[in-house]
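> Make a model of this:
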Amino acid sequence: MDMEFTEEQRALQTTARSFLATECPTSVARAMETSESGFSQELWQKMADLGWLGLVHDADAGGAGMGNVELAVLAKELGRVLCPSPYIPSAILAGGAVAAAGTGEQKQRLLPDIISGKTVVAFALQEENTYFDARSVNATATANGDAYVLNGTKMFVEFASAADRVLVVARTAGAPPASEGLALFLVNPNDVNVRLEPLSTVSRDRQFQMVLDGVRVEADDVIGTPGEAWSALEGVIERGVVALCAYMVGAAERIHEMATDFAKERVQFNRPIGSFQAIQHYLAQSITEILAADTTVFYAAWTLDEGLPSREIVAKTKSFAGDTFRKATDIGTQIHGGIGYDESMDTSLFLRRGKQLQLSMGSTGYWEDVIADELLGPVEA
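Residues are numbered from 1 along each chain as shown. Below is the predicted model:
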């Protein structure tokens, strides 16, 4: 693996950093905490115009046809400004699932609108458990002629109230933990048989409990072959997890920069606090962990691009990047002293997201279990 960025990757990084510095300062993240949609439609459209929503999609669907390494480059820059957007749920997870599992007609009908930003699709996999895989799915889909009727409850559905559609994972057959029998359904979040209940999260983002009570989904909105969704979803989820990890690493880098600058400027006992050994060691340890997480993220992205076995490295990446981001926000905030915890400080934004994103798309404990399974295989108690 060549750790040096290509000219194209450097250009993407430079363009993204410049654009986001102007269009998405952290004041945008702060404002979106109290907005109805949770993201700026104007910013979302500008991201689409830059080609970001189609970055990893094929050219015949209107995408750029780039890989997971390029996705990690962009996601890092989004993380540096805590960009609030449905980028991962809509463009990567839902869009990726349509690309991987959908019929030719469904791809032609759905992907161009997702890539252009015209349609936002939320993604509903997780339920009332800690899993982020097939074991999570208890929601049922019962055949009714050519259509299906959905029942169940989905948890932590990001941007569901602002989405045009929600891509729901439900079972046409079988029961957890089986991966067979899963299917993908496009659901209208405004359907009379859908109830969205806002969830209170530490990062104050727009996440919902989504109750499905007899929701009818017509055949056109059943994505791909019913019962065979997981074979397509597994790789899509790994891509989304790596993108989230890159986002966390970008955010970790940024709060470390903020803490370092503050340590140089803040004077106590007639000297900058950065001259004290304790502060130096905090910053040194944190940046070492951030660099390690960064390397792991790009190795995972490269592994996906090369088509190599990836589940173990993706699990290691999520576990380590999540812990690293959470610790970096703790240290960065502490170095600012008591003011670092004040709501008016950007450090508080990073601190709240540090814990939230550590738990998103599977907690550290869940991914450590995946690592153990990959290392040891099935082990009888």
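> contacts, neighbours, all on C-alpha from now
Noted.
> how far away is the residue with the shortest distance to the centre of the chain from Arg271?
Taking Cα atoms, centre = their mean, the centroid of the chain lies closest to Leu244, which sits 4.0 Å from it. Distance from Leu244 to Arg271, counting by Cα to Cα, to the nearest Å: 39 Å.
> just the strands in this protein please.
Using DSSP state E, the strands found in the chain span residues 121-124, 140-144, 147-158, 165-171, 182-187, 194-199, 207-217, 222-227, 267-268, 271-272.
> and the fifth one with strand 147-158, angle?
The reference is to strand 182-187. Counting by axes from the mean of the first three to the mean of the last three Cα atoms, to 10 degrees, strand 182-187 lies at 80 degrees to strand 147-158.
> Strand 182-187 packs against which elements?
If you count contacts as 3 or more Cα pairs under 8 Å, 6 or more residues apart in numbering; DSSP states H and E, strand 182-187 packs onto strand 165-171, strand 207-217, strand 222-227, helix 229-265.
> re earlier: for Ser344, find the nearest of the strands of the chain.
strand 267-268 (21.1 Å; Cα to Cα).
> so the residue nearest to the centre of the chain makes contact with Ile88?
Yes: contact criterion Cα atoms under 8 Å: Leu244 and Ile88 qualify, at 7.4 Å.
> what's the burial count for the closest residue to Leu357 other than its chain neighbours?
Nearest in space to Leu357, with sequence neighbours left out and distances taken as Cα to Cα, 6 or more residues apart in numbering, is Gly322 at 6.7 Å. Gly322 has 28 neighbours, counted by other Cα atoms under 10 Å.
> what do you get for Lys264?
Applying other Cα under 10 Å, we find 13 residues neighbouring Lys264.
> how close does it get to Ala252?
From Lys264 across to Ala252, the span is 19 Å (Cα to Cα).
> Please apply the same query to Glu36.
Distance from Glu36 to Ala252, by Cα to Cα: 27 Å.
> quick one, which of these two is more surrounded?
The neighbour comparison of Glu36 against Ala252 (other Cα under 10 Å) goes to Ala252, with 34 against 11.
> where do the helices sit along this protein?
Shown for the chain, the helices assigned by DSSP state H span residues 7-23, 26-32, 41-49, 68-80, 95-101, 104-116, 229-265, 277-306, 311-335, 346-359, 364-376.
> Phe208 is nearest to which of the ones you listed?
helix 346-359 (14.4 Å).
> Can you tell me which helices and strands the closest one packs against?
If contacts are counted by 3+ Cα pairs under 8 Å, 6+ apart, helix 346-359 sits against helix 229-265, helix 311-335.
> what's the average pLDDT for the longest one?
Across helix 229-265, pLDDT averages out at 97.
> Tell me the buried residues in that helix?
Along helix 229-265, these residues count as buried under the neighbour rule (16 or more other Cα atoms under 10 Å): 229-230, 232-233, 235-256, 258-260, 262-263.
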